[in-house]
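*Asks:* Take a look and give me a structure for this.
(one chain, ligands or ions: 1)
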Amino acid sequence: MAARLQGLIRSNGLAAGAAAVAAASTAKVTFLDEDDVVHPPHFPWRHTGYFSSFDHAALRRGFQVYREVCASCHSLHLIRFRELVGVTHTNEEVKQMASDVDVMDGPNEEGEMFERPGKPYDTLPSPYPNKEAGRAANGGAYPPDLSLMVKARHSGHDYVFALLTGYCEPPEGKEMMPGLHYNPYFPGGAISMPPPLSDGGVEYDDGTVATISQQARDVVQFLHWTSEPESEDRKKNACKYLTVVAFMALSAGYYKRWKWSPLKTRQISYVKGIGGAGR
Ligand code: HEC
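*Replies:* Just a heads-up that it's a prediction; the model follows:
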């Protein structure tokens with residue numbers, strides 16, 4: 001990019017250079033137009049409508065996929081166990097799940113850190129103690145936190161679904177460095193994440209057949225929920241408030257017309273007086 005910019009500045013003069021620098025500041029968006037990335041198609045998600053909610057069976061399956069597959073590399077540090085209650089699991093299930101995890105707490109009265117079983121108010125455990133450990137385990141690429149991933153990428157859930165299902169053989173002539181995998185939806189085409197999903201990779205409790213696309217669909221819906229856990233409440237509240245606002249707007253309109261009607265319907269006319277001062 002920098003070399004290309006310098007080339008532009010040299011060949012087209014300063015004005016073009018300034019434009020290119022301005023373009024570079026929006027590089028995050030513009031690089032999607034390059035020909036080494038495929039824009040994800042739009043998939044018909046049911047939960048994105050104004051009046052639709054998440055499919056909670058899919059959220060439960062998606063959490064299972066996250067826990068059994070993605071959690072070995074990705075954290076979800078903005079989500080606490082208790083937030084899953086009533087969304088994917090019951091209170092008892094969440095308490096049980098949390099207590100299976102050892103959480104570092106402290107310091108105690110002797111000033112020492114200690115481990116205790118997890119509680120529902122703890123965040124979901126991270127696979128690595130720090131970013132460096134995450135990089136070291138993944139050939140230098142840190143697996144990003146997934147809590148806000150659907151919000152953080154262009155085309156959000158379409159992108160993550162396309163990324164998870166889009167692994168394929170690199171086209172003829174595309175050199176892949178060792179440790180990188182070809183994925184046309186990832187900018188640059190070479191991603192450090194090995195294809196995480198496989199047919200039958202998890203076994204769903206509800207008997208749903210765990211194909212790659214089914215798992216991707218479920219985990220993407222779950223990740224959409226983690227990025228907006230409040231979205232269902234927000235939609236419900238919006239329905240209530242907007243109905244009230246609509247009634248208020250109607251009655252305010254009616255009241256205004258009522259108040260103004262004597263003024264709007266009155267006619268003021270001047271009749272030239274007979275025998276006035278001008279005579
Ligand atoms: C073996 C470890 C591993 C597993 C398992 C794994 N990932 Fe990743 N993931 C990575 C690494 C490493 C990266 C960083 C890739 C890069 O920057 O080249 C990554 C990146 C990502 C990204 C970001 C891509 C971007 O645009 O920057 C998403 C989204 C993602 N993973 C989703 C998932 C999901 C969902 C799962 C579970 C189904 C999963 N990953 C399982 C290692 C893993």
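*Asks:* just for the protein, where's the confidence low?
*Replies:* Scanning the chain with the threshold set as pLDDT under 70 gives 1-36, 274-279.
*Asks:* In the stretch 51-200 of the chain, mark out all the helices, start to finish.
*Replies:* Along the stretch 51-200 of the chain, the stretches classed as helices by DSSP state H, counting those that start in this stretch are 56-68, 91-99, 131-137, 149-152, 156-165.
*Asks:* Throw those helices into TSV and include distance to Arg266 and mean neighbour count, thanks.
*Replies:* For the C-beta atoms, the positions are set from N, CA and C on the backbone; glycine is no exception. What follows is these, written out as TSV (distance: least, CB to CB, whole Å; neighbours: other CB atoms under 10 Å):
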stretch	distance to Arg266	mean neighbour count
helix 56-68	61	21
helix 91-99	67	16
helix 131-137	75	14
helix 149-152	56	18
helix 156-165	57	22
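*Asks:* Adding distance to the ligand, write those helices out as a markdown table.
*Replies:* Output for the helices of the stretch 51-200 of the chain, formatted as a markdown table (distance: least, CB to the nearest ligand atom, whole Å):
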| stretch | distance to the ligand |
| --- | --- |
| helix 56-68 | 6 |
| helix 91-99 | 18 |
| helix 131-137 | 8 |
| helix 149-152 | 5 |
| helix 156-165 | 5 |
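*Asks:* With distance to Lys264 as new columns, can these be given to me in CSV?
*Replies:* What follows is those, written out as CSV (distance: least, CB to CB, whole Å):
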stretch, distance to Lys264
helix 56-68, 54
helix 91-99, 61
helix 131-137, 68
helix 149-152, 49
helix 156-165, 50
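*Asks:* nearest to Val202, of those helices?
*Replies:* Of all these, helix 56-68 sits nearest to Val202, with 5.0 Å by CB to CB.
*Asks:* what packs against the closest one?
*Replies:* helix 212-227 (3 or more CB pairs under 8 Å, 6 or more residues apart in numbering; DSSP states H and E).
*Asks:* what's next to the helix it packs on, contact-wise?
*Replies:* Under the contact criterion CB atoms under 8 Å, 6 or more residues apart in numbering, helix 212-227 has outside partners 45, 47, 54-55, 58-59, 61-66, 69-70, 76, 78-79, 87-88, 146-151, 156-157, 160-161, 164-165, 197-199, 201-202, 208, 231.
*Asks:* Buried residues, the helix or strand that that helix is followed by. List them.
*Replies:* Counting by DSSP states H and E, the next helix or strand C-terminal to helix 212-227 is helix 231-264. For helix 231-264, the neighbour count (16 or more other CB atoms under 10 Å) marks Glu232 as buried.
*Asks:* tell me the angle helix 231-264 makes with helix 56-68.
*Replies:* Computed by axes from the mean of the first three to the mean of the last three CA atoms, to 10 degrees, the angle separating helix 231-264 from helix 56-68 equals 130 degrees.
*Asks:* and helix 231-264 with helix 212-227, angle?
*Replies:* Comparing the axes of helix 231-264 and helix 212-227 via the same axes, to 10 degrees yields an angle of 60 degrees.
*Asks:* quick one: helix 231-264 to chain centroid distance?
*Replies:* Centre-to-centre, helix 231-264 and its host chain are 32 Å apart (CA atoms, centre = their mean, to the nearest Å).
*Asks:* which residue packs closest to Arg61, ignoring adjacent ones?
*Replies:* Excluding its sequence neighbours, the residue lying closest to Arg61 (CB to CB, 6 or more residues apart in numbering) is Asp218, at 4.1 Å.
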